[in-house]
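J.: When you get a sec, could you give me coordinates for this:
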Amino acid sequence: METPRRKKEEDIVEIPVWKRAFQRSAVWPDKDEFLDVIYWMQQALALIVGLLCGVLPLKGFLGFAAYGATSCLAVFWYSTNFQDVDLDDTFGDKTTVLKEGFPSSLATFLVTWIMVYTALHAF
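T.: Residues are numbered from 1 along each chain as shown. Predicted coordinates:
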């Protein structure tokens, strides 16, 4: 049984980045576009997890651990399973993708978490 083969870059008609982001095993001729998708995915995930941690009155290390684990696992799963990108061949190592946008998304998570928690549970 033959495994599905990825299309060659010459066979691909230019698809917009936002469509490739939701297309399984898309071809990414420009790795910076893939990293942009990872960055914005991290931002969206930071908002969602920040809202959840604020609504559920999580405090301290548990909130940080929830965000860190969710962020790393989601990016790693999206990159390797959904997009089928070989991180070692494309970026040199796995940490490049995991670090993409992490500091700024951590700030987004913290601001969202603090604001929602304060609005719902501080008074």
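
J.: residue boundaries of the helices in this structure?
T.: For the chain, the helices defined by DSSP state H cover 17-22, 31-55, 61-77, 87-91, 95-99, 102-121.

J.: Could you export those as JSON lines, including mean neighbour count and mean pLDDT?
T.: From N, CA and C alone the C-beta is placed, and that goes for glycine too. Listed next are these as JSON lines, based on neighbours: other Cβ atoms under 10 Å; pLDDT from 0 to 100:
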{"stretch": "helix 17-22", "mean neighbour count": "14", "mean pLDDT": "89"}
{"stretch": "helix 31-55", "mean neighbour count": "18", "mean pLDDT": "95"}
{"stretch": "helix 61-77", "mean neighbour count": "16", "mean pLDDT": "95"}
{"stretch": "helix 87-91", "mean neighbour count": "13", "mean pLDDT": "86"}
{"stretch": "helix 95-99", "mean neighbour count": "16", "mean pLDDT": "89"}
{"stretch": "helix 102-121", "mean neighbour count": "16", "mean pLDDT": "96"}
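
J.: Provide a list of residues in contact with residue 85.
T.: Shown in contact with residue 85 (Cβ atoms under 8 Å, 6 or more residues apart in numbering): 28, 34, 79.

J.: 10 Å instead?
T.: 6, 25-28, 31, 34, 78-79, 91, 97 (Cβ atoms under 10 Å, 6 or more residues apart in numbering).

J.: likewise residue 75?
T.: Going by Cβ under 10 Å, 6+ apart, residue 75 touches 38-39, 41-42, 45, 94, 97-102, 105.

J.: which one of those is nearest residue 72?
T.: The closest of the contacts of residue 75 to residue 72 turns out to be residue 98 (Cβ to Cβ; 5.7 Å).
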